[in-house]
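Chemist: the sequence and its predicted three-dimensional model are supplied below.
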Amino acid sequence: MSKILDGKACAADAKEHIKKWIERDLQKPPILAIFTVGDDDASKVYVRNKIKAAEEVGIIAKHYTITKEQYWQDEFLWDRIQDAIDEADGVILQKPVAWWFNEEAFLNYLPYWKDVDGLTTMNVGRLRTQPKDALIPCTPAGIMELLYENDCIQNRGNALVIGRSELVGRPIAEMLTADDWTVTIAHSKTPRDVLLDAFARADLVVSATGKRNLITEEDAEQYFKDNRHYPVADFAFKRDRVIVDVSINRDENGKLCGDFSEEFKDKYSAYYTPVPGGVGPMTVAMLMFNTYFAARERDYYERKEQKKKELTK
């Protein structure tokens with residue numbers, strides 16, 4: 001029987017620590033500005049969860065909605081966006097973003113030290129060269145925290161990352177490489193046989209494709225039949241495998257599910273994340289941490305500048 005990695009419990013513990021750090025380290029509550037573009041139902045749910053988490057830890061969350069009419073007709077829109085960014089300690093642009101919005105222009109307005117989603121060019125580069133100083137995308141940060149807190153990593157072997165998005169796939173691959181894993185990145189164009197072979201050899205699988213039943217038990221059985229002469233042809237060969245299922249999909253009955261079925265994960269891993277209740281809560285918790293981190297840095301520099309002014313009087 002595999003062990004379920006409980007993201008809700010781990011996130012609750014993380015938020016308790018963040019709340020204490022905010023009370024201890026900051027002169028005033030941090031401000032998180034959340035921008036949504038368009039009218040996406042899923043975004044509304046995500047934003048509500050983030051606002052609720054912010055209230056729990058002592059962060060002031062301000063939600064700004066940009067409509068298509070505003071974007072095309074309001075000549076002062078970017079000025080108001082800039083004012084909101086200036087006021088906030090941390091800023092996120094909630095995905096998905098409507099097709100008509102210039103996401104690149106928004107990120108150009110956003111200072112990297114307020115980019116709590118880690119999407120600006122500066123933070124992407126710092127993740128590779130100065131990860132300790134970078135604001136890391138929340139989902140990859142949450143994955144790493146979940147793995148460490150559950151002490152489920154026995155060795156730094158083969159890691160398979162399925163997905164190459166800027167929010168999950170690419171940054172988690174960078175973080176795992178820095179953590180001494182040997183990383184393979186697969187994606188929607190990866191040939192089926194190559195994907196199955198990489199999965200069979202993986203000690204850790206992080207999947208974020210948004211494709212339900214990405215690999216099934218039938219796939220695993222067929223792969224074994226076709227490759228039984230290979231020592232790792234049996235998916236169960238890696239008895240201590242960890243499967244981190246990032247995606248949220250819906251099955252034919254409307255029930256939330258991930259890239260893999262719960263039965264598949266239970267059969268072919270020692271540890272796995274459920275959907276829902278796995279990576280999602282950790283993503284929100286890490287957003288709170290990034291906002292605290294950004295506010296602490298801002299507070300430090302403001303105090304430093306204040307001391308300089310006092311000394312020059």
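Modeler: The structure has been received and is ready for your questions. Numbers count the residues shown, from 1 in each chain.
Chemist: which other helices and strands contact the helix or strand containing residue 183?
Modeler: Assigned by DSSP states H and E, residue 183 belongs to strand 182-186. Helices and strands touching strand 182-186, by 3 or more CB pairs under 8 Å, 6 or more residues apart in numbering; DSSP states H and E, are strand 158-162, helix 169-178, helix 192-201. All C-beta spots, glycine's among them, are computed from the backbone N, C-alpha and C.
Chemist: chain center to it: distance?
Modeler: Using CA atoms, centre = their mean, to the nearest Å, the mean C-alpha position of strand 182-186 is found 18 Å from that of the whole chain.
Chemist: next, the buried residues of it.
Modeler: Buried residues in strand 182-186, counted by 16 or more other CB atoms under 10 Å: 183, 184, 185, 186.
Chemist: ok and that strand relative to strand 158-162, angle-wise?
Modeler: With axes from the mean of the first three to the mean of the last three CA atoms, to 10 degrees defining the directions, strand 182-186 sits at 20 degrees from strand 158-162.
Chemist: quick check: neighbours of strand 182-186 in the sheet, parallel or antiparallel?
Modeler: Strand 182-186 has the following strand partners under DSSP bridges: strand 158-162 (parallel).
Chemist: what's next to the strand it pairs with, contact-wise?
Modeler: With contact meaning CB atoms under 8 Å, 6 or more residues apart in numbering, strand 158-162 is reached by 169, 172-173, 176, 181-187, 190, 195, 198-199, 201-209, 214, 259.
Chemist: do that again at 7 Å, thanks
Modeler: If you take CB atoms under 7 Å, 6 or more residues apart in numbering as the criterion, strand 158-162 is touched by 169, 172-173, 176, 181-186, 198-199, 201-209, 214.
Chemist: how about stretch 22-40?
Modeler: Under CB under 7 Å, 6+ apart, the answer for stretch 22-40 is 43, 47, 50, 54, 57-66, 84-85, 87-94, 96-98, 101, 291-292, 295-296, 299.
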